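[1] Sequence and predicted structure are below.
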Amino acid sequence: MRSSVEADSPGAAWLTVSAGLVAGSVIGWFVPAALWDWQPELAWQQPWRWWTAAFVHWSPLHAAANLGAALLVMLFGQVARVPMRVAGAWLLAWPLTHLGLLAAPGLLHYGGLSGVLHAGVAAVIVFLVLRAPGRRRRIALALGTGLLFKLGFEAPWGAPLRQAPGWDIAVVPLAHATGTLAGALCALALLIRRPAAPSPPPAPRR
């Protein structure tokens, strides 16, 4: 018998959101960054930037790395067979990830998928911790612990822009933290009130 987690987890909505991020990033490569990137002084006058900032990439290496990571996050959600509510949490966390960048007033421009991808990973981890059976839950807890260690190592409370080895652009660790927080909180908000579906009663004996 399949568990309730598996029975209610087709993953189609997750695939749709993932494909939207990939398609938007491809289109964004041909759009001037100044029209779509996150700029805090334009956040309220041009609110589309809360979404389109994820589609802006500053170099071919940046774009290739983020698109590869997007495919991995897509696969993560598919393997976890997340339900529509988790995909909905990811969608809600998408603009909130960029809104959180207002905490760094010195960050004048931001673009890239990494913050939103962290939100997606966090949403899947919360789903597995809340709903998955024993072994899958333990794996999710280990992944969540690893993610927290990664964020701590990146020290998002420091300077907003960092030059990391191997990158031809400056990275923004704060976006990873705001994405993780937004994804986790949105997943909790959408999942916590919905108990896992009870197992069907055994068939009567004859």
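    Looks like it arrived, so ask away.

[2] Show me the shaky parts of the chain.
    1-10, 193-206 (pLDDT under 70).

[3] Helices of that one, residue ranges please.
    Taking DSSP state H as the criterion, the chain carries its helices at 4-7, 12-28, 33-36, 49-52, 60-80, 84-99, 114-131, 134-154, 173-191.

[4] want to throw those into JSON lines with mean neighbour count and distance to Leu108?
    C-beta: built from backbone N, CA, C; applies to glycine. Output for these, formatted as JSON lines (neighbours: other C-beta atoms under 10 Å; distance: least, C-beta to C-beta, whole Å):
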{"stretch": "helix 4-7", "mean neighbour count": "16", "distance to Leu108": "43"}
{"stretch": "helix 12-28", "mean neighbour count": "17", "distance to Leu108": "19"}
{"stretch": "helix 33-36", "mean neighbour count": "15", "distance to Leu108": "11"}
{"stretch": "helix 49-52", "mean neighbour count": "20", "distance to Leu108": "13"}
{"stretch": "helix 60-80", "mean neighbour count": "17", "distance to Leu108": "17"}
{"stretch": "helix 84-99", "mean neighbour count": "23", "distance to Leu108": "13"}
{"stretch": "helix 114-131", "mean neighbour count": "26", "distance to Leu108": "16"}
{"stretch": "helix 134-154", "mean neighbour count": "14", "distance to Leu108": "20"}
{"stretch": "helix 173-191", "mean neighbour count": "24", "distance to Leu108": "13"}
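
[5] Out of those helices, flag the one nearest Trp167.
    Nearest to Trp167, of all those, is helix 60-80, at 7.1 Å by C-beta to C-beta.

[6] can you pull the contacts of the residue nearest to Leu181 when sequence neighbours are not counted?
    Distances taken as C-beta to C-beta, 6 or more residues apart in numbering place Gly100 nearest to Leu181, at 6.9 Å, with adjacent residues excluded. The contact partners of Gly100, by C-beta atoms under 8 Å, 6 or more residues apart in numbering, come to 174-175, 177-179, 181-182.

[7] and Glu41, how far is that from Val172?
    17 Å (C-beta to C-beta, to the nearest Å).

[8] which of the two has more neighbours?
    Val172 (25 against 9; other C-beta atoms under 10 Å).

[9] What values do phi and psi take at the more buried one?
    phi -120, psi 90 (degrees, to the nearest 10).

[10] correct me, but it touches Pro160?
    Yes: between Val172 and Pro160 there is a contact at 5.9 Å, judged by C-beta atoms under 8 Å.

[11] intersection of neighbour lists for the two?
    Joint contacts of Val172 and Pro160 (C-beta under 8 Å, 6+ apart) are 104, 107.

[12] Name the surrounding residues that touch stretch 16-32.
    Stretch 16-32 has contacts (C-beta under 8 Å, 6+ apart) with 36, 52, 54-57, 63, 66-67, 70-71, 73-74, 77, 87, 90-91, 113, 116-117, 120.

[13] what sits against Trp48?
    Trp36.

[14] brain fart, Leu61
    167-169.

[15] Selection in PyMOL covering whichever of these are buried, please.
    In PyMOL, selecting the buried portion of the contacts of Leu61, with burial taken from 16 or more other C-beta atoms under 10 Å, looks like this:
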select buried, resi 169
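
[16] Provide a list of residues in contact with Ala187.
    85-86, 89, 93, 122-123, 126-127.
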